[in-house]
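# Got a predicted structure here, sequence first:
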Amino acid sequence: MSPVALTDLLKNKVVLVVGGTVGLGAGIARAAVREGASVVVTGRRPEAGEALVAELSESGASAAYVQGDLGDARSAVAMVEETVARHGRIDCLVNSAGLTTRGTLLDTTPELFDDHVAVNLRGPFFTMQTAVQDMVRRGEPGTIVNIITMSQHGGQPFLAPYVSSKAGLAGLTRNAAHAHRWDRIRINGLNIGWTETEGEDAIQRRFHGAGDDWVEKAAASLPMGKMGQVDEVADFVVFLLSERSGVVTGSVIDWDQTVRGALD
């Protein structure tokens, strides 16, 4: 069999991007469409979702928006079910949504902790469950990529509930990949480092008093002279979703410019 070219990586694939209306999720949706996929994006804000679908559809791509809240387990299931209802199947799933509200071990309330677990762990559990059920029922392979975080290795003190939930997602990624490797369903995760997104801009301004020049200051403090970029992450996700990434499964990859465990 001839190798797959690095074009049309997702040709004729049905891809669901959860949390795909803005930021990294929207970037992944754009990259998937560029590589030939039919894409469904989900999110809580219809105006953002419909705007992205209109943009993607201008090129003739198949794109749809499904309103949903990943923090609601029933809504998480419904996102996948709607994708299957529209296209008859789901081939690829990306769990891109995430809650990053700050909290330390000392000041995190039970409500805040539960919110993080609901969005960052429980929701992805049930989108994965529903997608894998469809793949197994059809007897067809599939791929899943979970957007995790470098912080799941430990993180800063003010990210206690976030780290707890994302570390759980890293473990779930490995567990599900092992459980379904004989079904030819590949499940991987990306530990994303500091990345320039609309959401990160809002977080920096809200919680850290950042000014208009915060991106430039952040870039200057990093080894590569820039923050991670959405299009770079999106291309990597598309590669992992595609057959071109081969047999890789159960990997939680550090996508960052810091080296875990190394010291100066």
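That came through, no problem.

# For the helix or strand encompassing Val15, which strands pair with it and how are they oriented?
Using DSSP states H and E, Val15 falls within strand 14-18. Using DSSP bridges, strand 14-18 pairs in its sheet with strand 38-43 (parallel), strand 92-95 (parallel).

# Which parts of stretch 32-52 count as buried, going by neighbours?
32-44, 48-49, 52 (16 or more other Cβ atoms under 10 Å). For glycine as for every other residue, the C-beta is placed from the backbone atoms N, C-alpha and C.

# Now for the residues you listed: which two are most distant?
By the measure Cβ to Cβ, Gly36 and Arg44 form the most distant pair in the buried residues of stretch 32-52, at 28.0 Å.

# Could I get the phi/psi values of Gly60?
As for Gly60, its main-chain torsions (degrees, to the nearest 10) stand at phi 90, psi 10.

# Could you measure from it over to Gly36?
11 Å (Cβ to Cβ, to the nearest Å).

# Within the helices and strands, which one has Gly168?
Per DSSP H and E: helix 160-179 holds Gly168.

# elements contacting the following helix or strand past that helix?
Per DSSP H and E, the first helix or strand lying C-terminal to helix 160-179 is strand 185-192. Judged by 3 or more Cβ pairs under 8 Å, 6 or more residues apart in numbering; DSSP states H and E, the packing partners of strand 185-192 are helix 123-138, strand 142-147, helix 160-179, helix 230-241, strand 252-255.

# tell me the most buried of the ones you listed?
strand 142-147 (a mean of 26; mean count of other Cβ atoms under 10 Å).

# quick one: low-confidence ranges for the stretch 51-200 of the chain?
Scanning the stretch 51-200 of the chain for pLDDT under 70 picks out nothing.

# Next, count neighbours for Gly193.
17 (other Cβ atoms under 10 Å).

# tell me the phi and psi of Gly228?
Taking degrees, to the nearest 10, you get phi -60, psi 150 for the backbone angles of Gly228.

# dump the residue contacts of it.
Counting by Cβ atoms under 8 Å, 6 or more residues apart in numbering, Gly228 makes contact with 192-196, 255-257.

# leaving aside the residues next to it on the chain, what's closest to Gly49?
Using Cβ to Cβ, 6 or more residues apart in numbering and skipping the chain neighbours, the partner closest in space to Gly49 is Tyr65 (3.5 Å).

# Okay, and that neighbour sits in which element?
With DSSP H and E as criterion, Tyr65 is part of strand 63-67.

# Could you do Gly98 as well?
Per DSSP H and E: nothing holds Gly98, as it lies in no helix or strand.

# picking that back up, now tabulate the strands paired with strand 14-18 in a markdown table and tack on distance to Phe125.
Putting these into a markdown table (distance: least, Cβ to Cβ, whole Å) gives the following:
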| stretch | distance to Phe125 |
| --- | --- |
| strand 38-43 | 16 |
| strand 92-95 | 9 |
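
# So which of the ones you listed is nearest Val230?
Using Cβ to Cβ, these put strand 92-95 closest to Val230, at 13.2 Å.

# What lies in contact with the following helix or strand past the closest one?
Downstream of strand 92-95, the first helix or strand assigned by DSSP H and E is helix 110-117. Here helix 110-117 makes contact (Cβ under 8 Å, 6+ apart) with 71, 99, 101, 103, 161-162, 164-165, 168.

# Likewise for stretch 159-166?
98-105, 108, 112-113, 115-117, 119-121, 148-149, 151-152, 154-155.

# what does stretch 47-58 give?
Here stretch 47-58 has contacts from 20-22, 26, 29-30, 33, 39, 41-43, 63-67, using Cβ under 8 Å, 6+ apart.
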